[in-house]
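>>> how would this look folded up:
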Amino acid sequence: MDQPLPATEITALLGRGTQFDGKLHFQGRVRIDGTFKGEIKSDDTLIIGDGAEVNAEIDVATVIVRGGVVHGNVRAKTSIEIHAPGKLVGNIHSPSVFIDRGVEFQGSCRMDALDAPNAKPAAPKSAPSLPTAAAARTGQPSA
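From the prediction side, this is the model:
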């Protein structure tokens, strides 16, 4: 029977100087320090290391950008963390987002559950009418 992996153990590493084009599907924690182009999917954690260059559509549970450059949209079921000197160009969607000071982020950010229905935002409620200055002076209610 397989033993569960410790939460901090890296199960795969794409090291500096390596290049990969294609689709990456994984279990556990994967760290990329090299160059990756394509698609990344998982129900676990992806770590983008310092010096990494990632051009990918990313759909995982947790993304931790420790440095490097990410081009592409990122969807994370649990959280997205971007630490300096990281750079992310693309849209991000996750219920929890952390962006460190010194990070370069270009794109839009959506913070809600990924499986939330695409409901239209509620129309703003009108504010209760306040008495006009004249009514306040006379003690009469405003119309």
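
>>> alpha carbons only: can I get the top strand by length along the chain in PDB?
Identified as the longest strand of the chain according to DSSP state E is strand 53-65. Once non-C-alpha atoms are left out, strand 53-65 reads as follows in PDB (Å, rounded to 0.1, in the frame of the first residue of the first chain):
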ATOM      1  CA  GLU A  53       9.900  30.300 -18.100                       C
ATOM      2  CA  VAL A  54       6.400  28.900 -18.400                       C
ATOM      3  CA  ASN A  55       4.100  29.600 -21.300                       C
ATOM      4  CA  ALA A  56       1.000  27.500 -20.400                       C
ATOM      5  CA  GLU A  57      -2.600  27.300 -19.500                       C
ATOM      6  CA  ILE A  58      -2.500  26.100 -15.900                       C
ATOM      7  CA  ASP A  59      -5.400  24.400 -14.000                       C
ATOM      8  CA  VAL A  60      -4.300  22.900 -10.700                       C
ATOM      9  CA  ALA A  61      -5.200  23.000  -7.000                       C
ATOM     10  CA  THR A  62      -2.400  25.300  -5.800                       C
ATOM     11  CA  VAL A  63       0.200  27.400  -7.700                       C
ATOM     12  CA  ILE A  64       3.200  28.800  -6.000                       C
ATOM     13  CA  VAL A  65       5.300  31.200  -8.100                       C
END
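
>>> is it true that residue 101 touches residue 86?
No - distance between residue 101 and residue 86: 11.4 Å, which falls outside the contact criterion (CB atoms under 8 Å). Backbone N, C-alpha and C define where each C-beta goes, glycine included.

>>> and the two? Which one has more around it.
With neighbours defined as other CB atoms under 10 Å, residue 101 and residue 86 compare such that residue 86 has more, 24 against 6.

>>> against which helices or strands is the longest strand of the chain packed?
Based on contacts counted as 3 or more CB pairs under 8 Å, 6 or more residues apart in numbering; DSSP states H and E, the elements that strand 53-65 packs against are strand 35-42, strand 45-48, strand 69-71, strand 74-82.

>>> residues contacting residue 65?
Contacts were defined as CB atoms under 8 Å, 6 or more residues apart in numbering; by that measure residue 65 touches 48, 80-83, 86, 88, 103.
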